[in-house]
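Participant: Just a sequence and a predicted model for now, questions to come.
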Amino acid sequence: MPRNVFVLGLDEPNLRMLHRLPHPADYRFHGVLSHRELRQGVIDFDRVLALAEKRLDAFDGPIDAIIGFWDFPVTTMVPVLCARYGLRSASLESVVKCEHKYWSRIEQRAVTDELPAFGLVDIRSDRARPPPGVRYPMWLKPVKSAAAVLAYQVVDDAGFDRAVSAIRAGIGHLGRPFESVLARLDLPPEIARAGGMACLAEESIEGAQVTVEGCRFDGEVHVYGVVDSIDYPGRPTFQRYRYPSCLPGDVIERMVGVTTRVIDRIGLDSTTFNVEFFWNRETDAINLLEVNPRHSQSHAPLFWHVDGVPNHQYMVRLALGLDPELREPGGGQYGVAAKWFLKRFADGVVRRVPGAEEIAEVEREMPGTTVSVSVRPGDRLSDLPLQDSYSYQIGHIFMGAADEADLVARYERCLARLRIDIDE
């Protein structure tokens with residue numbers, strides 16, 4: 001009989017990836033709450049949790065697994081719901097040790113020195129200042145954030161003050177519902193004092209950014225892929241993800257070692273994860289950026305193109321208590337794959353976007369290409385939700401290619417064919 005797998009915030013792109021898993025007849029996927037219900041407006045964690053429980057209770061059949069690919073509140077809802085229905089998942093405490101950026105740093109520091117200097121900033125004070133030992137340039141960010149929202153790189157006191165003001169004004173959007181999650185745990189005193197409305201300062205780290213993806217199953221860490229995150233030149237915002245990574249093998253081995261120690265320390269188990277690093281080519285230093293208690297859904301088409309199996313495979317099987325059936329890299333149709341981010345760096349009003357027929361024609365002419373435009377004519381970019389502090393995302397392109405040169409050439413052909421007009 002197929003196993004019933006419930007997915008919080010299931011959308012069409014992720015459903016397509018789930019249908020590409022090996023043995024698709026073994027699973028039946030059901031959506032629980034829409035992405036809009038989970039992310040739109042002010043999040044009320046207890047309310048959306050109760051709504052999810054109501055819909056699960058109404059299901060006439062066995063509930064075999066509950067999973068989710070999105071950030072907060074989905075990542076923390078999954079362990080709470082799994083505990084209620086007696087299903088396998090990571091513990092809520094281990095997930096929150098990843099989600100709370102300050103708590104995560106403290107756990108990381110116990111097992112590795114490959115970290116930037118960090119400390120809390122009291123944004124409630126009118127005279128907030130950088131914490132001792134943290135120097136400019138630095139990043140300021142809430143202890144709970146998503147998609148780099150309210151993350152600011154500052155180089156002096158004036159920039160620090162502006163960032164503190166912006167974070168103070170917006171921190172409650174995720175901070176207050178995150179405190180509803182913290183209330184479910186017996187927190188260490190230091191984390192209880194910080195709460196969910198605190199701000200973290202970290203010294204800036206530079207270099208090539210990469211993401212180590214893996215899972216922990218029955219107490220053993222497995223890494224199944226490493227993905228490069230490449231910025232737009234001179235800007236701290238992503239231009240593309242590329243898989244597989246081009247980093248030297250010995251550097252990747254060091255990152256895998258740090259990842260294993262950190263995941264073991266946090267106690268994350270029966271789930272996928274991704275750990276982000278920087279590697280400085282000049283000094284050969286690696287620095288851990290953050291730990292996420294889920295795999296990246298943005299990487300799923302990349303793994304599909306290169307390995308022949310989306311990374312969703314591992315989350316689904318772990319949630320069912322099954323061996324994840326890890327695969328060696330390769331086996332897909334392409335040698336390399338990328339997710340390209342279509343960005344703009346100044347505000348404006350959208351006047352034209354490619355129509356469905358234009359996009360379909362491009363996708364037919366370039367197999368392995370999927371185009372998504374996230375804006376519509378009339379949209380003002382500064383009104384778009386969940387944007388980072390430095391750019392506006394107007395779409396993305398997933399693409400497989402034979403090699404790096406082919407990847408870049410195909411992308412440039414796509415851009416030339418997909419006209420997007422935005423007035424200043």
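Facilitator: Perfect, thanks for sending it. Numbers count the residues shown, from 1 in each chain.

Participant: Tell me the first helix or strand C-terminal of the lowest-mean-pLDDT helix or strand in the chain.
Facilitator: Least confident helix or strand of the chain, by mean pLDDT, DSSP states H and E, is helix 35-39 with a mean of 84. Using DSSP states H and E, the helix or strand that follows helix 35-39 towards the C-terminus is helix 45-57.

Participant: Restrict that next one to CA atoms and write it as CSV.
Facilitator: Taking Å, rounded to 0.1, in the frame of the first residue of the first chain, the C-alpha atoms of helix 45-57 are listed here in CSV:
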residue,chain,number,x,y,z
PHE,A,45,2.5,29.9,15.3
ASP,A,46,-0.1,28.4,17.7
ARG,A,47,-3.0,29.2,15.3
VAL,A,48,-1.4,27.6,12.2
LEU,A,49,-0.3,24.6,14.2
ALA,A,50,-3.9,24.1,15.4
LEU,A,51,-5.2,24.5,11.9
ALA,A,52,-2.7,21.8,10.6
GLU,A,53,-3.8,19.5,13.4
LYS,A,54,-7.4,20.0,12.5
ARG,A,55,-6.8,19.1,8.9
LEU,A,56,-4.7,16.1,9.7
ASP,A,57,-7.3,14.8,12.2
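
Participant: Give me the average confidence score over it.
Facilitator: Helix 45-57 carries an average pLDDT of 96.

Participant: Same question for stretch 11-25.
Facilitator: Stretch 11-25 shows a mean pLDDT of 94 in the predicted model.

Participant: How far off centre is that stretch?
Facilitator: 19 Å (Cα atoms, centre = their mean, to the nearest Å).

Participant: what packs against the longest strand anywhere in the chain?
Facilitator: Counting residues, the longest strand found in the chain (DSSP state E) is strand 220-231. Applying 3 or more Cβ pairs under 8 Å, 6 or more residues apart in numbering; DSSP states H and E, one finds that strand 220-231 contacts strand 208-217, strand 238-243, helix 249-266, helix 300-307. In short, each C-beta sits where N, CA and C put it, glycine included.

Participant: Buried by neighbour count: which residues of the least confident helix or strand of the chain qualify?
Facilitator: Neighbour-count burial for helix 35-39 flags 35, 38-39 (criterion: 16 or more other Cβ atoms under 10 Å).

Participant: now those residues in JSON lines, with distance to Arg242?
Facilitator: Listed next are the buried residues of helix 35-39 as JSON lines, based on distance: Cβ to Cβ, whole Å:
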{"residue": "His35", "distance to Arg242": "26"}
{"residue": "Leu38", "distance to Arg242": "29"}
{"residue": "Arg39", "distance to Arg242": "27"}
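
Participant: Arg105: which of those is nearest?
Facilitator: Comparing those against Arg105 with Cβ to Cβ picks out Arg39 as the nearest, at 25.8 Å.

Participant: Contacts only, for the closest one.
Facilitator: Applying Cβ atoms under 8 Å, 6 or more residues apart in numbering to Arg39 gives the contacts 9, 70, 386.

Participant: Show the contacting residues for the second one.
Facilitator: Read it as Trp70. 8-9, 35, 38-39, 297.

Participant: just curious, which of those is nearest to Ala58?
Facilitator: Nearest to Ala58 among the contacts of Trp70, with distances taken as Cβ to Cβ, is Leu8, at 15.5 Å.

Participant: how close does the nearest residue to Val373 once chain neighbours are set aside get to Trp340?
Facilitator: Nearest non-adjacent residue to Val373, counting by Cβ to Cβ, 6 or more residues apart in numbering: Gly395, 4.0 Å away. Between Gly395 and Trp340 the computed distance is 9 Å (Cβ to Cβ, to the nearest Å).

Participant: out of the two, which sits in the more crowded spot?
Facilitator: For Gly395 versus Trp340, the count of surrounding residues by other Cβ atoms under 10 Å is larger for Trp340: 24 against 18.

Participant: Give the buried residues for the longest strand of the chain.
Facilitator: For strand 220-231, the neighbour count (16+ other Cβ under 10 Å) marks 221, 223-230 as buried.

Participant: Please identify which of the residues you listed is nearest to Asp126.
Facilitator: Ser229 (36.7 Å).

Participant: now the closest one: how far from Phe341?
Facilitator: 10 Å.

Participant: which residues do these two both contact?
Facilitator: With Cβ under 8 Å, 6+ apart as the test, Ser229 and Phe341 both reach 238, 240.

Participant: how about CSV for the contacts of Trp70, with distance to Val309 added?
Facilitator: Below are the contacts of Trp70 laid out as CSV (distance: Cβ to Cβ, whole Å):
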residue, distance to Val309
Leu8, 22
Gly9, 22
His35, 24
Leu38, 27
Arg39, 28
Gln297, 14
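
Participant: quick one, domains of this structure?
Facilitator: Domain assignment of the chain by automatic domain parsing yields the ranges 3-90, 117-203, 208-423.

Participant: between the ones you listed, which one is nearest to Cys98?
Facilitator: Minimum separation from Cys98 across the domains of the chain (Cβ to Cβ) falls at domain 208-423, 4.3 Å.

Participant: Report the distance from the closest one to the chain centre.
Facilitator: With Cα atoms, centre = their mean, you get 9 Å for domain 208-423.

Participant: Regarding it, how distant is the last residue from the first?
Facilitator: Domain 208-423 has an end-to-end distance of 33 Å (Cα to Cα, to the nearest Å).

Participant: Also stretch 383-396?
Facilitator: End-to-end for stretch 383-396, by Cα to Cα: 19 Å.

Participant: For it, give the mean pLDDT please.
Facilitator: Stretch 383-396 shows an average pLDDT of 84 in the prediction.
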